[in-house]
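Visitor: can't give you the sequence, but here's the structure:
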C-alpha cells in the first residue's frame, strides 16, 4: 500500500463525504429509480477507467459526462442522492488498485461524491429558472469542488506549488463544458428514449476513443520520426542547432496569424521541421566551413535548396497511387487547386520563417543581425522575394508577443573555430544559401 | 473532369452550395411537417439522404457515407414503397456530384453498390415485418428490424466493395471494417428510435455521436496522410543526391504494396513494407561525406546504416529490420521477401515498362529461399492479373522526375 504525504487531507475528504451521504440518507432524501442508478453507476466506473484522449493531446476521464447524464436522467426524482451514489464509483480505477493507493481511491470516490451531490443540488435548485441555468450551475458546481479538492491533494502529495498545478489544470476547464453538454445530451436521450440508448451511445464512444488513441499514437510516431532526422541534420551541421525548431515556431506564428485550420497548422509544422532535410545530401565539410563558400560549394548547397523546394511543393502535391488506406486520394485529386494554393502558401510561410531565423542567428559566415534589421530586410523584400502577407504576419506576431530575436537575444550562442564576420543584410532571405558574390560586407 | 469541377465550383462556393442544399432540405422537412404534404416530405428526406451519401467517414476500408445510417433508419421506419422512392431520389441526386468527384467509372460502381445494398436492405426490412410479431412501432421491434436490416445492408456493402472495387481503395477486410460498421449500426438504431419517439429534430440530435466518430476517423486519416508525406520527403534525399534513380522509392512502394496484398499480408504489414520500400536507401543520410564512392558502393553497409537510423525511433524499428535485410541473400519472412523483390524489380524495370518480363525472369532465376520463391510467384501472378501495375508504379514516380528535371536537381 502506497501512502503519500497528503493522506490526512484524503482521509478528511472521505469523512466529509461519508457525512454528506449519511445526512442525505438520514434526511429522507428521495432515492431515484434503481435501473438508471445501476446503469449510470456502472457507466461511471467504466468511464473512470477510460481516459479519453483529445486531439490536443490532453487526456480527460469522461466521468463528469456520466455524472451529468445521471443528474439529467434523474431530473427531479432523487437527483441529489442519486448523483451522490453514482459519484461514489468515480475513484474505482484499476491503475490505483494496481499501485496499492487505497487512500487515493477513497479520496477520489469521496471528491466525486461531494462534487456530484453539489452539482445535482445546484441543478435541481436552478431547474425552475431554466434548463440553461440548471446546466451551467451543475457544471460550475462540479468543476469548483473537483478542481479545488484535486488541486490541494496534488499540492500536498507531490509538494508542487499551487500555480504549477493550476497551470496544468486550467486548460482542461473548457472540457468540463464539452463533456457536461454531452452528459446532458446522454441523460436527455435516456429519459426520452429509454435505457436502450445507453449501449447505442457508449459503443460508438468507445470506438471513437480507440480511433483517437490510434491518431495520437500515429502523431507520436510522426513526431519521433521527424526528430530522428532533425538530429541527423543537426549532427551534420552543428552550427545550425535549433534552427529547424525555431523555423517551425516562426512558421506556426505566421500560420496562426493567418488563421490556418488546426490540420493545416500541423501540416505546416512538419513542413517547416523538414525544410532543411536536403542538407543531408551536402558534405559535412561544406556545411561546417568557416567563412564564405566558393562558387562550386555554393552550387552543391544550392542543390540542397532545390531538394527542399521539391519536397515542400511538388512531393506533397504528388498524390500516391498506392492507396494503402482509403480512397481519400481520389477525393484529394479533385481539390488540386485548393491543395496547390495551400502548399504554395506553406512554402511561402516557411521561406519567411527560414529567412528570419537565418538573419537573427549567428552563422559560420556572419554574426546575427539585430531584429529590427531583419524586419526591415523582410519588409524590403516583401513582394519580390517574400510573400508580403506572410512577412506582415510574422512581424505582427512577434511584436504582439513582445519577443526579441537576433543580435543580443540569441538563445544558444555557438562557439565557432573561426569567429564569424559581421556583415550587412545581403544574406537575408536565403540565409546561408546566398552566393558569395551577393554578400555585401 | 477534375478541372471541370474546380472551374465550376471553387471551394468556398462548394461549401455554400452544400449548406444551401442541407438548409433547403431542412426547410422542406419543416414545411412538409407543418402542412402535412407527403410528397414534399419524401423529397426532403431524399435530399437529406443524398447529403448523407456525400458526407463520408475516412475508414480503413475506404470512404463510408454516414448516409448509410439514414438508409437503415428509413428502411426500419417507412413503408417499402416510400423507402425505395427516397433512396432512389437520393442516389439520383448524388450522381452529378459523384461524377465530378470520382469520375464516371467510380461513380457507376458506387451507384450499383448503393442500389443493390439498399434493395437487399429494403427486402430484409419487409421480411422482418412479416416475421416478427408485435406492433411495428414498438421500440424493441423497431430496433430489431433496424439491426437486422442494417446488418444485411452493411454486409451487402462489404461484399459489393470486394466484387466491385474502386481502383484507389484498399482491399476490404472485416477485421478492419467492423468499427465503422458497428458505429453506423448504433447510429441507425439511435436514429430510428429517436425519430419514432421524438420526431425529426430528435433524430437530428441523435446523429451527433456519428458526427464525432466521423471527426475521429478523419483526424486519423489526415495524420496518416501527413506521416506518409514525411516518409516520402525523407525517401527523396538519397534519390536527389544521385545514390539511386529518382522515383525508385515511390515505384518500389507501389510494387511492395501490390505484392504484399497478393500474398495476403495484413494492413499493418502492407504499411510496413511500403515504408521500408520508400526508405531502403535512407542509410545514406548518415554519411559524413555523401559523395564517398567507397561507402556508396557497399550496399550492405548502407542498408545497415539505414536500419540503425530507423531503429532510433521505436515506431520504425520493424521497418529498420526490414531495411537492414533488403540486400541479404536469404530472407526469413514474407515481408522481407516482398521488400527485396519489389526493390529489385524496380531496379531492373525503372521507367521502361517493356523491361518487366525480362526483369521477372532475372529475379526468378536469383531466388534461393522459400519466401523469395513465393514472392516471385506472387509477382508473376500480379503482373498477369493487374496489367496496369507497372504503369501505375512508373506514374507514381513521374512527378519526382518531372520536378527534378524542371529544377535541374537530377544533375546531382
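Guide: Received it, and whenever you're ready, just let me know what you need. Here the structure is a predicted model, which is why all the values come from computation and not from measurement.
Visitor: could you chop the chain up by domain?
Guide: With no chain named, the answer covers chain A. By the assignment in automatic domain parsing, chain A contains the domains A:7-211, A:237-320+A:327-438.
Visitor: um, chain B though
Guide: For chain B, automatic domain parsing gives the domain ranges B:2-206, B:222-405.
Visitor: now do the last one: distance to the chain's middle.
Guide: In other words, domain B:222-405. Computed by CA atoms, centre = their mean, to the nearest Å, the chain-centroid distance of domain B:222-405 equals 21 Å.
Visitor: all strands of chain B, in order?
Guide: B:56-59, B:62-65 (DSSP state E).
Visitor: hang on, I meant chain A
Guide: Ranges of strands within chain A are A:52-53, A:59-60, based on DSSP E.
Visitor: can the domains of chain B go into a markdown table with extra columns for distance to residue A:97 and mean neighbour count?
Guide: Backbone N, C-alpha and C define where each C-beta goes, glycine included. As requested, these are exported to a markdown table (distance: least, CB to CB, whole Å; neighbours: other CB atoms under 10 Å in any protein chain shown):
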| stretch | distance to residue A:97 | mean neighbour count |
| --- | --- | --- |
| domain B:2-206 | 29 | 19 |
| domain B:222-405 | 29 | 20 |
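Visitor: ok, of those, where does mean pLDDT dip lowest?
Guide: Least confident of the domains of chain B, judged by mean pLDDT, is domain B:2-206 with a mean of 80.
Visitor: my guess is residue A:154 contacts residue A:164, does it?
Guide: No. With contact defined as CB atoms under 8 Å, residue A:154 does not count as touching residue A:164 (9.3 Å).
Visitor: compare these two (neighbour count), which wins?
Guide: residue A:154 (19 against 12; other CB atoms under 10 Å in any protein chain shown).
Visitor: tell me the contacts of residue A:211?
Guide: If a contact means CB atoms under 8 Å, 6 or more residues apart in numbering or on different chains, then residue A:211 has B:179, B:213, B:216-217, B:219-220 as its contacts.
Visitor: do residue A:224 as well
Guide: Per CB under 8 Å, 6+ apart, neighbours of residue A:224: B:313-316.
Visitor: repeat the analysis, applying 10 Å as the threshold.
Guide: B:312-316 (CB atoms under 10 Å, 6 or more residues apart in numbering or on different chains).
Visitor: show me where the stretch 251-400 of chain B has its helices.
Guide: Using DSSP state H, counting those that start in this stretch, the helices found in the stretch 251-400 of chain B span residues B:267-279, B:293-296, B:299-311, B:317-324, B:334-349, B:356-365, B:370-385, B:389-407.
Visitor: other SSEs contacting the first one?
Guide: If I follow you right, that is helix B:267-279. In this structure, helix B:267-279 makes packing contacts with helix B:174-206, helix B:208-240, helix B:248-262, helix B:299-311, helix B:317-324, helix B:334-349, judged by 3 or more CB pairs under 10 Å, 6 or more residues apart in numbering or on different chains; DSSP states H and E.
Visitor: quick one, that helix and helix B:248-262 angle?
Guide: Using axes from the mean of the first three to the mean of the last three CA atoms, to 10 degrees, the direction of helix B:267-279 lies 160 degrees away from that of helix B:248-262.
Visitor: noted, bye for now.
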